[in-house]
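>>> have a look; sequence and predicted model below, questions after that.
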2 protein chains.
Amino acid sequence: MKQVSEHIPGYCYGTAEVTPSPVSLRELEELKISAGFTAEDERYLRLAGEVLADQTKQIVDHWRSGIIAGIPNLARHSRTPEGNAIPEYLAASNLRFRQWILDTCMRSYDQDWINYQEEIALRHTALKKNQTDGVRSTPQVPLQDVIAFIAVMNETIKPYLAAKSHPAEEVDKMHRAWCKSIQLQLALWLGPYMEAGKAATE
Amino acid sequence: MKQVSEHIPGYCYGTAEVTPSPVSLRELEELKISAGFTAEDERYLRLAGEVLADQTKQIVDHWRSGIIAGIPNLARHSRTPEGNAIPEYLAASNLRFRQWILDTCMRSYDQDWINYQEEIALRHTALKKNQTDGVRSTPQVPLQDVIAFIAVMNETIKPYLAAKSHPAEEVDKMHRAWCKSIQLQLALWLGPYMEAGKAATE
């Protein structure tokens, strides 16, 4: 599997370190049906992966420095509670962010993929945020902010999908497949957030 | 405000019947910023509203009869627990579904709008599903299924946005504004679902 860097701190896709998800492959199949995610979408995600593979740094820089850094409500999640930068945290999570783009496009959506969605979500909740990198930052990225920022990622990814001169129709199909995948992932991220919400009231 | 029908059973937008949302206008403004939802998106939603106004029946029929009816996991939420059809429930909720399309495009996103998002979400959770129509059906539409089906709505709305011969660039802008609005709404629907999740474990 293609990686954006030989060593990605905290990236443990497919290993025993990953918390197994309670979501089964059968449930994922049902979600795919509800989302209209088809074999064609899988094919266009692979194509998107080829198109995006050498652009992940540019894309994540665009999102992080170009957009998130200008939105204090979002930027704070990479900073200390006092608002100071934590460059090594940002650097590590940016590498994982870049790898997430590739994994979205290139991975088989199997049990390992489901499990890693659970892991990604947990690392954004109070149950596990900051632990991977051993940092002191906000306790949780609120899920509503993740949901909102998905709109930005979906909008801004499109020019990168078009950057290799594919016909507009193919770019549209890649983009549709991307948007559906993110929505599937969001559906999987919900469980850990619900869990974190319950833990907070116990 | 334009309505899809003079009388829409259970539709009480802007009235005292609507549960006030704990989400403030300021929080909505923050969500808009996180989603990249701008004044341009508002303008293109208005245009989308004009384009879709006489197509809401066709669109909701497409979603309900053309798609949901073929997915047992989704179709069950309009049926009795034994799987029998409840035509009057479907008819009423289809009218509200059609009106939701118009409200998405035409309403000011003010406190009434926030409150009605809360109401819409509550009516899909165990806290309030079936009550409006006094029916016996599934207790809750799981939020992950809502999230997944959003991908379908976002994909299938596009040809309807293009149906009035607007230039492709304008159709794209209407579509982008639509997708952002749905993501904003989803962010607002999360609160009631979290509440329902907590209530279920109490």
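Cool, the structure landed.
>>> OK, contacts around residue A:179?
A:154, B:151, B:154-155, B:179 (CB atoms under 8 Å, 6 or more residues apart in numbering or on different chains). For the C-beta atoms, the positions are set from N, CA and C on the backbone; glycine is no exception.
>>> helix or strand: which one has the residue sitting nearest the centre point of chain A?
Nearest to the mean C-alpha position of chain A, by CA atoms, centre = their mean, lies residue A:100 at 5.1 Å. According to DSSP states H and E, residue A:100 maps onto helix A:87-106.
>>> residue numbers of chain A in contact with chain B?
Counting by CB under 8 Å from any CB of the partner chain, the residues of chain A close to chain B are A:30-37, A:67, A:71, A:73-74, A:143-145, A:147-152, A:154-156, A:176, A:179-180, A:183-184, A:186-188, A:190-191, A:194, A:197-198, A:201.
>>> buried subset of these?
For the residues of chain A next to chain B, a neighbour count by 16 or more other CB atoms under 10 Å in any protein chain shown gives the buried set as A:30-37, A:67, A:71, A:74, A:143-145, A:147-152, A:154-155, A:176, A:179-180, A:183-184, A:186-188, A:190-191, A:194, A:197.
>>> which residues touch residue A:150?
Counted by CB under 8 Å, 6+ apart, residue A:150 has contacts A:182-183, A:186, B:183.
>>> tabulate the CA atom coordinates of whichever strand or helix holds it in PDB.
Remark: residue A:150 resides in helix A:143-161, with elements defined by DSSP H and E. The C-alpha coordinates for helix A:143-161 follow below in PDB (Å, rounded to 0.1, in the frame of the first residue of the first chain):
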ATOM      1  CA  LEU A 143     -18.400  16.200  15.800                       C
ATOM      2  CA  GLN A 144     -20.500  19.100  14.500                       C
ATOM      3  CA  ASP A 145     -17.300  20.800  13.500                       C
ATOM      4  CA  VAL A 146     -16.000  17.700  11.700                       C
ATOM      5  CA  ILE A 147     -19.400  17.500   9.900                       C
ATOM      6  CA  ALA A 148     -19.100  21.200   8.900                       C
ATOM      7  CA  PHE A 149     -15.500  21.000   7.700                       C
ATOM      8  CA  ILE A 150     -16.400  18.000   5.500                       C
ATOM      9  CA  ALA A 151     -18.300  20.500   3.400                       C
ATOM     10  CA  VAL A 152     -15.100  22.400   2.900                       C
ATOM     11  CA  MET A 153     -13.000  19.300   2.100                       C
ATOM     12  CA  ASN A 154     -15.600  18.100  -0.400                       C
ATOM     13  CA  GLU A 155     -15.700  21.500  -2.100                       C
ATOM     14  CA  THR A 156     -11.900  22.200  -2.200                       C
ATOM     15  CA  ILE A 157     -10.800  18.700  -3.300                       C
ATOM     16  CA  LYS A 158     -12.400  19.100  -6.700                       C
ATOM     17  CA  PRO A 159      -9.800  21.300  -8.400                       C
ATOM     18  CA  TYR A 160      -7.100  18.700  -7.200                       C
ATOM     19  CA  LEU A 161      -9.200  16.000  -8.800                       C
END
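>>> let me know the angle separating that helix from helix B:143-161.
40 degrees (axes from the mean of the first three to the mean of the last three CA atoms, to 10 degrees).
>>> centre of the chain to helix A:143-161, how far?
Relative to its parent chain, helix A:143-161 has a centroid offset of 10 Å by CA atoms, centre = their mean, to the nearest Å.
>>> how big is the angle separating it from helix A:87-106?
60 degrees.
>>> which element follows helix A:143-161 toward the C-terminus?
helix A:168-201.
>>> average pLDDT across that following helix?
Mean per-residue pLDDT for helix A:168-201: 95.
>>> for stretch A:124-142, same thing?
The model assigns stretch A:124-142 a mean pLDDT of 98.
>>> so which bits of that stretch are buried?
For stretch A:124-142, by 16+ other CB under 10 Å, it's A:124-130, A:132-133, A:135, A:137, A:140-142.
>>> again with stretch A:40-59
A:41, A:44-45, A:47-49, A:51-52, A:55-56, A:59.
>>> next: stretch A:78-87.
A:78-79, A:86.
>>> wait, isn't residue A:170 in contact with residue A:47?
Yes - proximity of residue A:170 to residue A:47 meets the contact threshold set by CB atoms under 8 Å, at 7.1 Å.
>>> residue A:69 contacts residue A:77, correct?
No - Residue A:69 lies out of contact with residue A:77 (CB under 8 Å); the separation is 11.6 Å.
>>> who's more crowded, the two?
residue A:77 (19 against 14; other CB atoms under 10 Å in any protein chain shown).
>>> my guess is the more buried one is in a helix, correct?
Yes - assigned with DSSP: H, G, I helix; E, B strand; the rest coil, residue A:77 falls within a helix.
>>> re the thing from before, quick one: the helix holding residue A:150 to helix B:168-201, angle?
150 degrees.
>>> for residue A:109, give me its contacts.
A:28, A:32, A:42, A:184.
>>> among the residues you listed, which are in helices?
A:28, A:32, A:42, A:184 (DSSP state H).
>>> from residue A:190, how far out is the second one?
The one in question is residue A:32. Separation of residue A:32 from residue A:190 (CB to CB, to the nearest Å) stands at 16 Å.
>>> next up, the contacts around residue A:35.
A:180, A:183-184, A:187, B:148-149, B:151-152.
>>> let's go with 6 Å and repeat that
A:180, A:183-184, B:148, B:151 (CB atoms under 6 Å, 6 or more residues apart in numbering or on different chains).
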